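A.B. asks: Have a look at this prediction, sequence included:
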Amino acid sequence: MNDLKKRNLTMLTDFYELTMANGYFLNGKGDDITQFDMFFRTIPDNGGFAIMAGVEQLSQYLENLKFTEEDIEYLRGRGFGEDFLDYLKNFDFKCDIYCVPEGTPIFPREPIVTVRGPAIQAQFIETMLLLAINHQSLIATKANRLVRAAQGRAIMEFGSRRAQGFDGAVYGARASYIGGCAGTACTISDREFGVPALGTMAHSWVQLFDTELDAFCAYAKAYPNECTLLVDTYDVLKSGVPNAIEAFKREVLPRGFRPKGIRIDSGDITYLSRKARKMLDDAGFDDVKIIASNSLDEYIIRDMLRQGAQVDSFGVGERLITASSTPVFGGVYKLVAVENDGVMMPKIKLSENVAKVTTPGAKNLWRLYDNETGKAIADLITLADEVIDDSQPYELFDPDVTWKRKTVENYTARPLLQPLFIKGKCVYDYPELKEIRDYCAQQVETLWDEVKRFENPHNYYVDMSQALWDMKNEMINKYKPR
């Protein structure tokens, strides 16, 4: 499951990728060198930023991009010609791909993946590229919101059974971990990716025994060193917590261990957790943690903590694994340049919807950091051959309101797009997943708190260089209707 190189997903594509590929081939344009950008237009949940994820799975798909005999036979049955099918039989991926590393905060309109290569190839990978990045970026972004709402308390991903399919569960757990979750209920994600698998018991365990106390004692006897008990099957305060305390005394302490926690999965958790905390403390179990679950999201968690909930960690299921409040990450993939006599010529898409006007040309993406605070100042999109000399002052301007300008000094300019594939060969050295998670947390800390607000976050600036802005506006004027 972890290694997509073992799964042939070549045909996981929109059918029009194949009809266009065949059309390019028949018109002699299949080997024309093109450049495409992936970017997104809006941040989920009206947030201040998103989190990049899914790059490793995209890479694994590309390393296994080949058409099998079964694929060829299917396409023959759909009426594609033999010359085109021969081309697919000998498909040899040759594209250059650059991407923003996983775990990086990302913003609308900036290129987060760029693809340069033969038209057929660069076009064909659109579906899987968008699928891999859109899905995991969506879940990583939601996870990070939950982690920030919890204010240092652990968030555990508990959503496998509510995910959109089994890959949604597996890769959703991976993305949740990148976003900052402490672990997952999804065991296979622990085996494949090293996302810590967590979990104790369900209500059925308690119901299976004659009494709640019998159920708790049996579990505590089986797992005295990792004993966490679910206390809301019958009544949290009158039954669950008192029986948990008794089980701790009977089966955990005599074996030389300390109990780990209780979990509350229903009711007014704020109220119940406060009462449960006092009961545990009075019984000498002030080190026992209280875990909350039950259809939580970042707003509920934030409000619970504001209201004094005595909760040490949270299990979040359906609203994380499906990102139910904004269940789509709207990344798109657009042609931005075509090579002509060795020169990449910019291409633009216009629209009556201003937000859908693309930024043409081969580009680079930079993040500017203030050397005194370490905070991110802005992102800057430039032409591909532009270099930012951060030893010199640089004038930034809002590409939508050009009179808003700011000159920055004492800053570091960091290029964000890193090589993933060169001439069809993977050149990326993948970090361990925990390294990505730590990097994500560190990069989120470079954002000002105003950008991290849940409501009305500050608009982080994604600016253009003057040269790129001039070129874009020249093309708009050239192609706009007269």
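C.D. replies: Good, I have the coordinates. Nothing here was measured: the structure is a model prediction, and the numbers come from that model.
A.B. asks: Given the top strand by length along the chain, what are its sheet partners and their directions?
C.D. replies: In the chain, taking DSSP state E as the definition, the longest strand is strand 331-340. Partners of strand 331-340 in the sheet, by DSSP bridges, are strand 33-40 (antiparallel), strand 343-346 (antiparallel).
A.B. asks: Stretch 22-33: how far from the chain's middle?
C.D. replies: When C-alpha coordinates are averaged (CA atoms, centre = their mean, to the nearest Å), stretch 22-33 and its chain have centres 34 Å apart.
A.B. asks: Which residues does stretch 409-421 contact?
C.D. replies: Stretch 409-421 is contacted by residues 55, 58-59, 62, 93, 95-101, 104, 111, 114, 364-372, 377, 379-380, 388-390, 393-394, 426-428 when judged by CB atoms under 8 Å, 6 or more residues apart in numbering. All C-beta spots, glycine's among them, are computed from the backbone N, C-alpha and C.
A.B. asks: actually stretch 181-201, not the one I typed
C.D. replies: 1-2, 143, 146-147, 154-160, 169-170, 172-174, 176-177, 219, 223, 226, 228-230, 263, 313, 315, 320, 432-434.
A.B. asks: Buried ones only from those residues, please, as a PyMOL command.
C.D. replies: The following PyMOL line selects those of the contacts of stretch 181-201 that are buried, judged by 16 or more other CB atoms under 10 Å:
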select buried, resi 2+143+146+147+154+155+156+157+158+159+160+169+170+172+173+174+176+177+219+223+228+229+230+263+313+315+320+433
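A.B. asks: which ones among the contacts of stretch 181-201 are found in strands?
C.D. replies: Those of the contacts of stretch 181-201 lying in strands (DSSP E): 154, 155, 156, 157, 228, 229, 230, 263, 313, 315.
A.B. asks: For beta bridges, what are the partners of the last one?
C.D. replies: With DSSP bridges applied, residue 315 shows beta-bridge pairing to residue 156.
A.B. asks: Check it and give its pLDDT.
C.D. replies: If you check residue 315, the pLDDT there is 97.
A.B. asks: thought it was touching residue 154?
C.D. replies: No - using CB atoms under 8 Å, residue 315 is not in contact with residue 154, being 9.3 Å away.
A.B. asks: quick one: the strands in the stretch 251-400 of the chain?
C.D. replies: 261-264, 289-292, 313-316, 331-340, 343-346, 363-370, 376-383, 394-397 (DSSP state E, counting those that start in this stretch).
A.B. asks: Could you single out the most deeply buried of those?
C.D. replies: Stretch with highest mean neighbour count among those: strand 313-316 (a mean of 25; mean count of other CB atoms under 10 Å).
A.B. asks: Report all helices and strands that it contacts.
C.D. replies: Strand 313-316 is packed against strand 154-157, strand 289-292, with contacts defined by 3 or more CB pairs under 8 Å, 6 or more residues apart in numbering; DSSP states H and E.
A.B. asks: just so I know, which of those strands lies nearest residue 342?
C.D. replies: Evaluated over the helices and strands packed on strand 313-316, closeness to residue 342 peaks at strand 154-157, with 48.8 Å, by CB to CB.
A.B. asks: Let me see the contact set for residue 359.
C.D. replies: 37, 109, 336, 348, 381, 464, 468, 472.
A.B. asks: Going by distance to residue 31, which of those wins?
C.D. replies: When these are compared for distance to residue 31 (CB to CB), residue 336 wins out at 18.5 Å.
A.B. asks: now the spatially closest residue to residue 444 that is not a sequence neighbour, which residues is it bridged with?
C.D. replies: Of all residues beyond its chain neighbours, the one nearest residue 444 is residue 105 (6.0 Å), with distances taken as CB to CB, 6 or more residues apart in numbering. For residue 105, the beta-bridge partners are residue 51 (DSSP bridges).
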